[in-house]
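# The amino acid sequence is not available; the structure is as follows:
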């Protein structure tokens with residue numbers, strides 16, 4: 001079976017180099033790395049902490065990591081793999097900007113005709129499959145308190161079989177849309193939008209508000225696996241301003257869950273089964 005066209009890495013590097021020169025970012029691109037997070041950490045340790053932002057890009061990652069330590073398939077030309085670092089405030093006034101960043105990236109894709117949805121807490125979904133994901137952490141890098149975000153977005157479906165519950169989607173599945181006229185421009189815009197969003201904390205609440213009832217789990221039967229508790233089923237509700245997700249249980253109780261709790265699609269909403277409680 002013929003695969004979709006790969007993302008043009010060299011053209012993307014040239015675009016992002018011009019963009020970083022104009023904006024004053026530190027930028028590095030490699031054909032292959034273990035992970036772009038590791039590359040951007042090394043850049044910060046080597047003096048990039050004086051720049052307003054630090055961006056690392058790779059055509060291929062050999063050890064990309066997703067949420068809960070899962071392996072992220074990131075082959076050469078298969079997607080947009082990048083990490084970015086920006087300064088963080090000493091005091092975090094609101095929720096971490098994970099959802100705000102996901103919403104911002106989704107908006108860029110939607111503008112180019114990609115019908116993507118944000119799946120709480122940190123994924124991008126397309127046609128029932130995972131189009132992309134992001135990881136966000138806050139800590140000291142190069143002596144500076146910073147936000148570090150790692151982002152992966154599939155341009156074409158990875159070859160071979162995948163493992164676990166990972167069902168991939170890719171931009172190549174979208175036959176129409178403005179993105180096909182300039183896919184490299186879309187990739188550059190996604191990186192630029194991510195940097196600008198994380199540099200603008202005042203925008204984070206409005207991005208989360210925009211997702212309040214416009215996300216993958218809203219109105220969908222879900223199974224919740226809270227940390228250290230028995231799982232239960234319900235229906236996904238609104239995303240709160242603090243970034244937590246509301247779930248209405250089968251018994252009608254409103255539950256609020258955080259990013260350490262697991263949520264997945266419920267096979268059905270029916271009578272209780274073993275190890276599933278009604279709350």
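Good, I have the coordinates. Quick caveat, the model's predicted, so the values are computed rather than measured.
# Show the average pLDDT along the helix or strand hosting residue 41.
Element membership for residue 41 (DSSP states H and E) is helix 36-45. Mean pLDDT, helix 36-45: 95.
# Go ahead and name everything in contact with that helix.
Outside of helix 36-45, the residues within contact range by CB atoms under 8 Å, 6 or more residues apart in numbering are 26, 28, 30, 33, 54-58, 61, 64-65, 81-85, 135, 141-142, 144, 146, 148, 150. The C-beta positions use only the backbone N, C-alpha and C, and glycine is treated the same way.
# Distance from the lengthiest strand in the chain to the middle of the chain?
Secondary structure assigned by DSSP state E gives strand 129-141 as the longest strand of the chain. The chain centroid and the centroid of strand 129-141 are separated by 6 Å under CA atoms, centre = their mean, to the nearest Å.
# gap between the closest residue to residue 126 other than its chain neighbours and residue 133?
Spatial nearest neighbour of residue 126, excluding adjacent residues (CB to CB, 6 or more residues apart in numbering): residue 169 at 4.0 Å. Going from residue 169 to residue 133 by CB to CB, to the nearest Å gives 11 Å.
# same question, residue 21
Residue 21 is 29 Å from residue 133, by CB to CB.
# Quickly list what residue 27 is bridged to.
Beta-bridge partners for residue 27, by DSSP bridges, are residue 55.
# Can you get me a residue count around it?
23 (other CB atoms under 10 Å).
# picking that back up, so residue 169 and residue 133 - more neighbours on which side?
residue 133 (22 against 19).
# nearest spatial neighbour of that one, skipping sequence neighbours?
residue 123 is the one closest to residue 133 (CB to CB, 6+ apart), at 4.7 Å.
# Show the contacting residues for the one you found.
102, 130-134, 216.
# Need phi/psi at it.
phi -120, psi 160 (degrees, to the nearest 10).
# can you check residue 229 too?
phi -130, psi 170.
# and it, how many neighbours does it have?
11.
# Distance-wise, check it relative to residue 237.
19 Å.
# cool, residue 86 as well?
For residue 86, the distance to residue 237 - CB to CB - is 31 Å.
# same thing with residue 12?
38 Å.
# Check residue 112 too.
29 Å.
# Over to residue 194?
Distance from residue 194 to residue 237, by CB to CB: 27 Å.
# Tell me which of the two has more neighbours.
Neighbours of residue 194 and residue 237, each counted by other CB under 10 Å, are more numerous for residue 194; the result is 24 against 21.
# Kindly confirm my reading that that one is in a strand.
No: with DSSP: H, G, I helix; E, B strand; the rest coil as the criterion, residue 194 is helix rather than part of a strand.
# Isn't it up against residue 149?
Yes: assessed by CB atoms under 8 Å, residue 194 is found in contact with residue 149 at 6.5 Å.
# anything in contact with each of the two?
In contact with both residue 194 and residue 149: 84, 101, using CB under 8 Å, 6+ apart.
# Check which helix or strand the closest residue to residue 97 other than its chain neighbours maps to.
Distances taken as CB to CB, 6+ apart put residue 204 closest to residue 97, at 4.7 Å, once the chain neighbours are dropped. In this assignment (DSSP H and E), residue 204 forms part of helix 204-210.
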